[in-house]
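1. Based on what follows, work out the 3D shape:
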Amino acid sequence: MKKKNNSYDTLVEAIEILKEQGYTHNFRINENGLLVEGKEEGYIAGEVELHEFHRFEGNTNPADMSIVYAVQTSSGKRGLVVDSYGVNGSEITSKFMNKVAQKQFDVHH
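-> Numbers count the residues shown, from 1 in each chain. From the prediction side, this is the model:
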């Protein structure tokens with residue numbers, strides 16, 4: 001069953017369940033603003049779809065927030081981008097995610 005955004009209790013739970021759903025690649029946004037995994041060539045925002053995202057506050061410090069993005073690339077790879085959120089968040093990651101196709105409300109993915 002597909003979860004709605006922000007419907008997991010913990011970041012660990014979200015990552016485990018999303019991996020079970022096929023989001024198995026560990027992506028990040030590099031300094032050039034590309035979605036990458038390891039040393040492979042990157043994807044520009046136009047080659048990525050955002051399927052879900054979930055935000056989490058830290059248990060000990062509410063300012064310690066994380067966000068996990070479940071994405072799919074144009075080549076069919078599904079994976080996760082985990083980032084800090086809020087004051088300590090990565091501007092590069094948030095700018096990238098603002099440009100990708102928002103598919104989290106599309107039930108056909």
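2. The protein: helices as residue ranges?
-> 11-20, 91-99 (DSSP state H).
3. Next up, the contacts around residue 99.
-> Residue 99 makes contacts with 45, 46, as judged by CB atoms under 8 Å, 6 or more residues apart in numbering. Bear in mind the C-beta positions are built from the backbone N, C-alpha and C, glycine included.
4. Below-threshold pLDDT in this structure: ranges please.
-> 1-6, 60-63, 86-89, 104-109 (pLDDT under 70).
5. tell me the centre residue of it?
-> residue 69 (1.5 Å; CA atoms, centre = their mean).
6. nearest residue to that residue other than its sequence neighbours?
-> Residue nearest to residue 69 in three dimensions, not counting chain neighbours: residue 81, with 4.3 Å by CB to CB, 6 or more residues apart in numbering.
7. Could you give the number of residues near the one you found?
-> 24 (other CB atoms under 10 Å).
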